[in-house]
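Trainee: below is the sequence, then the predicted model.
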Amino acid sequence: MNEDSAHFPPVDPVKTGIKGCCPRCGQGQLFDGLLGLKPRCASCGLDYSFADSGDGPAVFVILIVGFIIIGMVLWLQVNYGPPIWVHILLFAPLTIVLSLLTLRWFKGILIAMQYRHNAREGRLSD
């Protein structure tokens, strides 16, 4: 990532990540579509080529959404004992929607944190 010489007030990475806004100015959009990144911010011109969230968002989504869904499945099964098709009908769409929504949030948050802390790929020597 190039050194940032522009002067912008710091923005909260969690709020900008959830809203999907630029990590520098907090105004421009970060995403192009559901999970794809735009090449640069339309508001401040920040180049998003530094952004690489990797597998981090997917790990958080698996752990958090999995915990919520499995808890709901177990609660429903213990209290009401419905047939398997009820579980599939209820929890398959809920899992997909929650996963896509939270994946976008966590990707935005991790990219904003990466920008805020000037994170780069590890190197042994320069």
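Mentor: Thanks, I have it.

Trainee: can you show me the helices along this structure?
Mentor: Counting by DSSP state H, the chain has these helices, from start to end: 13-19, 56-80, 84-116.

Trainee: for A42, find the nearest of those.
Mentor: With Cβ to Cβ as the measure, helix 13-19 is the member of those nearest A42 (14.7 Å). For glycine as for every other residue, the C-beta is placed from the backbone atoms N, C-alpha and C.

Trainee: tell me what the closest one is packed against?
Mentor: Under the contact criterion of 3 or more Cβ pairs under 8 Å, 6 or more residues apart in numbering; DSSP states H and E, the helices and strands touching helix 13-19 comprise helix 84-116.

Trainee: give me the low-pLDDT residue ranges for the chain?
Mentor: The chain contains residues with pLDDT under 70 at 1-6, 123-126.

Trainee: residues contacting I64?
Mentor: With contacts taken as Cβ atoms under 8 Å, 6 or more residues apart in numbering, I64 has the following neighbours: T102.

Trainee: ditto for C25
Mentor: With Cβ under 8 Å, 6+ apart, C25 has these contacts: 8, 11, 41, 43-44, 46.
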